[in-house]
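Participant: compute the structure for the input listed below.
(chains A, B, C and D)
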Number of protein chains: 2
Amino acid sequence: MTTETAPKQTSALDDATSAIRDSILQGEFSPHQRLVEVDLCEQLGVSRAVVRNALLKLTSEGLVEHLPNRGVRVRAITIEEAIEIVETRAALESLCARKAAQRITPVARERLTSLREGIVKAVETGDLAEYSAQHQKLDQFIRELSGHSTSAQILERLQAQGARHQFRLSFRPGRAAQSAPEHLAIIDALLLEDPDAAEAATVAHLNGVIAAMCNG
Amino acid sequence: MTTETAPKQTSALDDATSAIRDSILQGEFSPHQRLVEVDLCEQLGVSRAVVRNALLKLTSEGLVEHLPNRGVRVRAITIEEAIEIVETRAALESLCARKAAQRITPVARERLTSLREGIVKAVETGDLAEYSAQHQKLDQFIRELSGHSTSAQILERLQAQGARHQFRLSFRPGRAAQSAPEHLAIIDALLLEDPDAAEAATVAHLNGVIAAMCNG
DNA sequence: GGTCAAGAAATTGTTTACAATTTTGCTTAA
DNA sequence: TTAAGCAAAATTGTAAACAATTTCTTGACC
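Facilitator: Have a look, this model is predicted:
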């Protein structure tokens, strides 16, 4: 209803893609749920071609899967795939952590200190949602700081693909208490500008994630 | 129905995507060359919608880049990006090599032995194109053998993105003589079913690639 | 002679329409 | 009652048409 007289700063395709992606990530669309193009058209107020292109993009991102002549559905990530994703993340995040440790600036140091406080506080107050948010911000910041756009971009996709499993895991009782020290170790290694320690701490953390997933 | 001419096993979209991708990989389209949709339509005999979707897919694959309202052009990978790509490959291929070393079967052993012979022969005869082909087959086989579809898929994309630089590198004088022992070391580590050695040999090889790229 | 502006051509972004395929529901026969 | 078959509806795949943007050309003005 709110007629957006606004200028076209972003394309309809990007808007539609983001909207569908968010719906998947926030659980509005469930795994294996079929996404019918016409329905999405009405919901988003764009034409079928745009929706179609958006779904194509999301297929490349691995968030939906394409069945020939039968449309697309939300991809259901099995536990085995989720572990593969974390293994891949371990390989790439350790690379990024190593790079990031070599590019610490005063501004980055401040940001890391701030994130550290945020994590400690969230754990103390038992605010799991806040902890999860802080944790994601930390991951994102390390990616940015690494300056390694190739692996950073891949990691973003992997994060989205594994989001559901990660989310479930983060709300398991006692999970925050175990992972928080691992996160703090990563931050401390970065603050010391120690690439080896940063890499080791990252691998250790993600091995912890895998272990927790396995006995779930 | 069964006796139909049965032409449509693959969609027009996939065909067009593969055709354009091959043209880029084989150098028919040069870096920074603009790809005009209508031209591709005539060349491929399909409609603009198909070409458009194909270009969208290739954008996700990182082979072309999309300039808003100005179409797409073949992405030019800088030397810095090429190094990033090899670094990323090192992280993921070492993971795959480790996994592959734990899944050696008699059939795999045969295939590896065959690939080893092929590499030795190509180097002896100085057939650089053949060596390059054997080397790519080895990489692909390790990906398959690893059973790690998540990183295998990413590696395929990275291989395509970095293909041009890799290709040029492989034809530098003395390059084969240096990289061949590294490849053989990877194969030998796999034949010994030694994950640590396989990982180390893979990292060593790709560090060699990076070093060769840097003083190019 | 050079610079800027206006209009035309070229190209992309989006919508709509059409064709092919799959799914669904109804009818009919065993 | 159930299963097979055929027709209709729903949905996806493809093509064509329209709109908006950018780029190129041309010509006037300083």
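Participant: so which bits of chain A are right by DNA strand C?
Facilitator: Taking CB under 7 Å from any atom of the strand, the part of chain A that reaches DNA strand C is made up of A:8, A:11-13, A:46-50, A:68-70. All C-beta atoms are positioned from the backbone trio N, CA, C, and that covers glycine.
Participant: which one of those is nearest B:Ile187?
Facilitator: When the residues of chain A next to DNA strand C are compared for distance to B:Ile187 (CB to CB), A:Pro68 comes out closest, at 37.9 Å.
Participant: which phi and psi does that closest one have?
Facilitator: phi -60, psi 130 (degrees, to the nearest 10).
Participant: report the contact partners of it.
Facilitator: Taking CB atoms under 8 Å, 6 or more residues apart in numbering or on different chains as the contact definition, A:Pro68 lies against B:Ser11.
Participant: and it, how far from A:Glu110?
Facilitator: A:Pro68 sits 52 Å away from A:Glu110 when distances are taken as CB to CB, to the nearest Å.
Participant: wait, what's in contact with the residue lying closest to A:Leu95 once chain neighbours are set aside?
Facilitator: With sequence-adjacent residues excluded and distances taken as CB to CB, 6 or more residues apart in numbering or on different chains, A:Leu95 is closest to B:Ala91, at 4.8 Å. With contact taken as CB under 8 Å, 6+ apart, B:Ala91 is in contact with A:91-92, A:94-95, A:151.
Participant: ok and the strand or helix carrying B:Ala91 relative to helix A:79-101, angle-wise?
Facilitator: Taking DSSP states H and E as the definition, one finds B:Ala91 inside helix B:79-101. Between helix B:79-101 and helix A:79-101, the angle formed by their directions is 140 degrees, by axes from the mean of the first three to the mean of the last three CA atoms, to 10 degrees.
Participant: in helix B:79-101, what's buried?
Facilitator: For helix B:79-101, the buried set under the neighbour-count rule, 16 or more other CB atoms under 10 Å in any protein chain shown, comprises B:81-101.
Participant: what does stretch A:194-206 give?
Facilitator: Of all the residues in stretch A:194-206, those buried under the rule 16+ other CB under 10 Å are A:194-195, A:197-202, A:205-206.
Participant: what's the closest of these to B:Asp188?
Facilitator: Sorting the buried residues of stretch A:194-206 by distance to B:Asp188 puts A:Glu199 at the head of the list, at 27.0 Å, by CB to CB.
Participant: surely that closest one touches A:Ala100?
Facilitator: No - between A:Glu199 and A:Ala100 there is no contact, the gap being 10.0 Å when judged by CB atoms under 8 Å.
Participant: now list the buried members of the residues of chain A next to DNA strand C.
Facilitator: Judged by neighbour count, with 16+ other CB under 10 Å as the criterion, the buried members of the residues of chain A next to DNA strand C are A:12-13, A:46, A:50.
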